[in-house]
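*Asks:* The following block contains a protein sequence and its predicted model.
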Amino acid sequence: MTDLQADHMKLEDTRVTRRYFGKFAKITGYLTKVAATMEAEGRFARHDIEAIARYLVGLNWTFAALAHKYHFSGRFAHSGALTFDRRESGFPVYQELLEMANDAQQAQQHLASQPSAEALKDQMVRVILRDQEIPTKLQYALSQRLYYEELARGDQFWARNDPQAVWLGNQKDRRRFLIHWAVYDSQVNLPTIYLMDVEDTGRTGLPKDEHRWPEAKAHLMAQSVAHLKLLTIAKGFDEDFNDLHPTRLRRFHIGPMYSYAFTKQSGPLRDVLKAANAPVGEDWALVWTEEELHSARVEHVKSGWFGSVERQIFAIDPFEGGSDDMGASRMERSLIMPERPYQALAERNPPGFREVRKFIVSDGGRVLSYR
């Protein structure tokens, strides 16, 4: 068995920790701009982008909270250290998000027992002027105060982000919903977003159905793991709910993140980042993978003595030879990276990257798209 702990690394130096979070602050800030670019190109409908943006903004707030939590790693005893997956994802390990969720449950209790941010700052000024010392303990206390304030605001990207349903309108005798949810996948340490288009032929609209909706949410969360194919997830849902018809299922993997300074992935991207020799904050590339499965047609199968139910027949990528190996109608990978790494990638032109979509981002807010 693989020792997963060997692929995990603790950031125990203050400067390195702050560089790591500074890098992700830029990356998560760019993600919403890339998504907006995709919407402008017609790849997403407005309701799709609103759902995706919600999770991307939440991911930004998750990193903002963790940055406060570990702001003094290596400088103050008991300050802790972030553990991240340096071999596979470049993101914090799953356990970090579980601990953050637990802290969020107790955020108000912690805030009630701590001095306010203004009081801590006043104390720091007095220590600096009176004792002429760096008020490290007070600085650490302030960082923890800001951490719990961030958690108290809520809406972070959690380890589990339960399904929500958005009504899209009626089509004949069917209600149409977009169900969206997200998880921080524990197997690959990556945020993963799901969008499912569903037609509802039940008596009561799905979100108002006190029986079907809890069951549907539990079913979807139980199936939200990286190794399951979309075909498996969609078929299971279609067979378990006779009056819910999944016509389209999409999954977005945010990451891995590659950085020559931080991660240890092998392959051409690592060589590209080494050749780029980019300045601090621009030494990275992020993979964005979209999988899609859509229904090709409907068949009616026998149910009971006299009844029948609809079953979706899903389209599989014809380039897979009609097999279920990929378990999706299509899959597309994109790369998001700053200009310097993109120049190195274009110069080296490694095999397999020509058809990958590239989104080039800059501090000025521009997002350029290339094939």
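*Replies:* Nice, I can see it. All of these numbers come straight from a predicted model, not from anything done at the bench.
*Asks:* switch to C-alpha atoms for all contacts and neighbour counts from now on
*Replies:* Will do.
*Asks:* Dump the helix or strand hosting M331 to CSV, restricted to CA.
*Replies:* Element membership for M331, per DSSP states H and E: strand 330-338. Provided in CSV are the C-alpha atoms of strand 330-338 (Å, rounded to 0.1, in the frame of the first residue of the first chain):
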residue,chain,number,x,y,z
ARG,A,330,-16.6,14.2,-22.9
MET,A,331,-13.8,15.4,-20.8
GLU,A,332,-11.8,18.6,-21.2
ARG,A,333,-8.7,19.8,-19.3
SER,A,334,-7.6,23.4,-19.1
LEU,A,335,-4.5,25.0,-17.6
ILE,A,336,-4.6,28.3,-15.7
MET,A,337,-1.2,30.0,-15.4
PRO,A,338,0.6,33.3,-15.3
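*Asks:* what pairs with that strand, and is each one parallel or antiparallel?
*Replies:* strand 285-303 (antiparallel), strand 357-361 (parallel) (DSSP bridges).
*Asks:* Point out the other helices and strands that whatever helix or strand comes next after the last one packs with.
*Replies:* Secondary structure here is assigned by DSSP H and E; on that basis, the next helix or strand after strand 357-361 toward the C-terminus is strand 367-370. Where contact means 3 or more CA pairs under 8 Å, 6 or more residues apart in numbering; DSSP states H and E, strand 367-370 is packed against helix 14-40, strand 357-361.
*Asks:* follow-up on the earlier one: and the strands paired with strand 330-338 as a markdown table, adding distance to A328?
*Replies:* A markdown table is the format used below for those (distance: least, CA to CA, whole Å):
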| stretch | distance to A328 |
| --- | --- |
| strand 285-303 | 5 |
| strand 357-361 | 19 |
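*Asks:* Pick the most buried one from those strands.
*Replies:* strand 357-361 (a mean of 21; mean count of other CA atoms under 10 Å).
*Asks:* Please state the offset of the helix or strand of the chain with the lowest mean pLDDT from the chain centre?
*Replies:* Lowest on mean pLDDT, DSSP states H and E among the helices and strands of the chain sits strand 307-314, with a mean of 83. Counting by CA atoms, centre = their mean, to the nearest Å, strand 307-314 is centred 33 Å from the centre of its parent chain.
*Asks:* Pairing partners for the closest residue to I52 other than its chain neighbours in the sheet, please.
*Replies:* Spatial nearest neighbour of I52, chain neighbours left out: I193 (7.3 Å); criterion: CA to CA, 6 or more residues apart in numbering. Counting by DSSP bridges, I193 is bridged to A182, F252.
*Asks:* Can you report how many residues lie near I193?
*Replies:* I193 has 23 neighbours, counted by other CA atoms under 10 Å.
*Asks:* let's have the chain start at 27 instead
*Replies:* In the new count, where the first residue is 27, that last one comes out as I219.
*Asks:* where's it relative to Y284, distance?
*Replies:* Separation of I219 from Y284 (CA to CA, to the nearest Å): 20 Å.
*Asks:* name the helices or strands packed onto the least confident helix or strand of the chain?
*Replies:* Strand 333-340 packs on helix 256-266, strand 270-284, strand 311-329, going by 3+ CA pairs under 8 Å, 6+ apart.
*Asks:* got the CA positions of that strand in PDB?
*Replies:* C-alpha atoms of strand 333-340 as PDB (Å, rounded to 0.1, in the frame of the first residue of the first chain):
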ATOM      1  CA  GLY A 333     -46.300  -0.300 -15.000                       C
ATOM      2  CA  SER A 334     -43.100   1.100 -16.700                       C
ATOM      3  CA  VAL A 335     -40.500   3.700 -15.700                       C
ATOM      4  CA  GLU A 336     -38.200   5.900 -17.700                       C
ATOM      5  CA  ARG A 337     -34.500   5.100 -17.800                       C
ATOM      6  CA  GLN A 338     -31.900   7.400 -19.300                       C
ATOM      7  CA  ILE A 339     -29.500   6.000 -21.900                       C
ATOM      8  CA  PHE A 340     -26.300   8.100 -21.600                       C
END
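*Asks:* Could you check the angle it makes with strand 270-284?
*Replies:* Put simply, strand 333-340 runs at 30 degrees to strand 270-284, going by axes from the mean of the first three to the mean of the last three CA atoms, to 10 degrees.
*Asks:* Measure how strand 333-340 sits relative to helix 256-266, angle-wise.
*Replies:* Using the same axes, to 10 degrees: strand 333-340 against helix 256-266 is 170 degrees.
*Asks:* what pairs with strand 333-340, and is each one parallel or antiparallel?
*Replies:* Short version: by DSSP bridges, strand 333-340 pairs with strand 311-329 (antiparallel).
*Asks:* Can you name the residues in contact with the partner strand?
*Replies:* Residues from elsewhere that reach strand 311-329 (CA atoms under 8 Å, 6 or more residues apart in numbering): 53, 256-257, 272-285, 334-342, 353-364, 367.
*Asks:* Now which of the residues you listed would you call buried?
*Replies:* Neighbour counting with 16 or more other CA atoms under 10 Å marks 53, 256-257, 272-285, 336-342, 353-357, 359-364, 367 as buried within the contacts of strand 311-329.
*Asks:* picking up where we left off before, just the CA atoms of the helix or strand that the strand holding M357 is followed by, as CSV, please.
*Replies:* Sequence order places helix 365-374 as the next helix or strand after strand 356-364, per DSSP H and E. What follows is helix 365-374, C-alpha atoms only, in CSV (Å, rounded to 0.1, in the frame of the first residue of the first chain):
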residue,chain,number,x,y,z
GLU,A,365,2.4,34.7,-18.4
ARG,A,366,5.9,33.6,-17.6
PRO,A,367,5.1,29.9,-17.2
TYR,A,368,2.9,30.0,-20.3
GLN,A,369,5.9,31.4,-22.3
ALA,A,370,8.0,28.5,-21.1
LEU,A,371,5.3,26.1,-22.0
ALA,A,372,4.9,27.5,-25.5
GLU,A,373,8.7,27.4,-26.1
ARG,A,374,9.1,23.8,-24.8
